[in-house]
Every structure is written in structure tokens, then in C-alpha cells.
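Asker: mind folding the following:
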Amino acid sequence: MPKRKQHDVSAEADMTPMIDMTFQLIAFFMVLINFAEDNQNALVKLPSSELAKIPEEQIASPIVLQVSKEGKVVFNGDELPIGGPQLKKALLNEAQILRAKNLDPSVANIIIRGHGLVPTGKVQELIKVCQDTKFEKFSLRAEQGKPKADSDFLKEPKKPNAGIRG
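Answerer: As a prediction, the model looks like this:
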């Protein structure tokens with residue numbers, strides 16, 4: 001009786017689809033995290049309020065303006081004085097972009113993130129500049145919780161960890 005050759009049977013699974021899926025998930029979460037943090041500035045410490053609540057629905061056409069404790073507006077990475085022509089020009093550019101998308105600036109939502117030590121008058125002045133450029137909807141941001149003491153706002157902001165953008 002002739003001897004049969006033994007064939008080595010390999011039971012390895014193809015890992016390529018699993019690796020592809022893993023990289024897609026990593027890329028998805030990196031994009032998600034970056035978008036969530038784009039609208040925040042470490043120099044702006046929001047005031048706290050027990051009345052603050054999380055928006056119930058997604059805000060349409062948001063434009064985020066952040067007011068530092070020095071009273072300057074941080075918009076698209078630039079620090080602009082509230083009464084200066086640079087801020088008005090930047091807002092007019094935003095209005096023009098909205099019109100190019102067939103949207104009226106009056107439907108855009110201006111989200112104002114003001115530092116806890118910014119005088120109310122500065123925020124009112126900012127709203128007036130926005131109204132002069134035909135924006136009509138405003139949201140003021142605050143953190144949920146008990147109101148903070150003024151000394152809490154004077155502490156230096158924590159520096160983000162090196163590495164991942166944040």
C-alpha cells in the first residue's frame with residue numbers, strides 16, 4: 001500500500017478586514033474628537049450657573065465667538081478687539097459665506113463663550129456688533145453647576161497634553 005502524503009493544513013484567518021475596520025474606527029474617533037474641541041479655547045473659563053442646560057437639539061449654522069478676560073474676541077484663531085473693524089469684517093465675511101450657501105445670516109446662531117470675569121457690557125457690545133452685521137440669534141454659554149468664585153477664574157488654565165491635538 002503506497003504511503004499518502006500529509007498536507008499541512010493552515011488554519012490562519014485573514015486579518016486584513018479586521019485591521020481595515022480598526023483603522024477606520026480610529027480615524028472616525030479622531031475626527032469626532034477634533035471637531036468637539038475646535039470650539040473651545042483654554043483661555044476662556046466659562047461662568048457656572050445652576051440654570052445652565054445642555055441644548056436639546058443641534059444648533060443650526062453655529063458661529064462661535066469667545067470673549068477672553070481681556071475683552072478680546074477669539075474668532076477663527078484670531079484675537080480681535082470688540083469695537084474694532086477687524087471683527088466687523090470677519091462677521092461680514094461669515095455672513096457672505098452663509099449667503100453663498102443660500103442661507104440668511106439671521107438664521108445663523110452666534111454662540112458666545114465669555115470668560116467669567118468679562119464685564120457684561122463687553123458681551124452686550126459684542127451682541128450689538130453682531131446685530132449690526134445682520135445676525136439675530138444668540139446663545140450664551142455657561143457650565144452647569146454652582147456659581148464659581150472670582151478667584152477660580154484667576155487660576156492659570158491647564159496646558160493640554162503634548163501629542164494628540166487638543
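Asker: where are the low-confidence patches of the chain?
Answerer: 1-2, 5-10, 33-43, 144, 147-166 (pLDDT under 70).
Asker: can you show me the helices along it?
Answerer: For the chain, applying DSSP state H gives helices covering 16-37, 85-100, 120-132, 150-154.
Asker: those: which one's closest to Ser48?
Answerer: helix 150-154 (8.6 Å; CB to CB). (Glycine included, C-beta is placed from N, CA and C.)
Asker: just to revisit the earlier point, mean neighbour count and distance to Lys3 added to the helices of the chain, as a markdown table?
Answerer: Formatted as a markdown table, those follow (neighbours: other CB atoms under 10 Å; distance: least, CB to CB, whole Å):
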| stretch | mean neighbour count | distance to Lys3 |
| --- | --- | --- |
| helix 16-37 | 10 | 37 |
| helix 85-100 | 15 | 79 |
| helix 120-132 | 15 | 89 |
| helix 150-154 | 11 | 84 |
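Asker: could those go into JSON lines alongside distance to Arg141?
Answerer: Below are the helices of the chain laid out as JSON lines (distance: least, CB to CB, whole Å):
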{"stretch": "helix 16-37", "distance to Arg141": "14"}
{"stretch": "helix 85-100", "distance to Arg141": "18"}
{"stretch": "helix 120-132", "distance to Arg141": "11"}
{"stretch": "helix 150-154", "distance to Arg141": "15"}
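Asker: and of those helices, who's closest to Ala142?
Answerer: Taking these one by one with CB to CB, helix 120-132 is closest: 11.8 Å.
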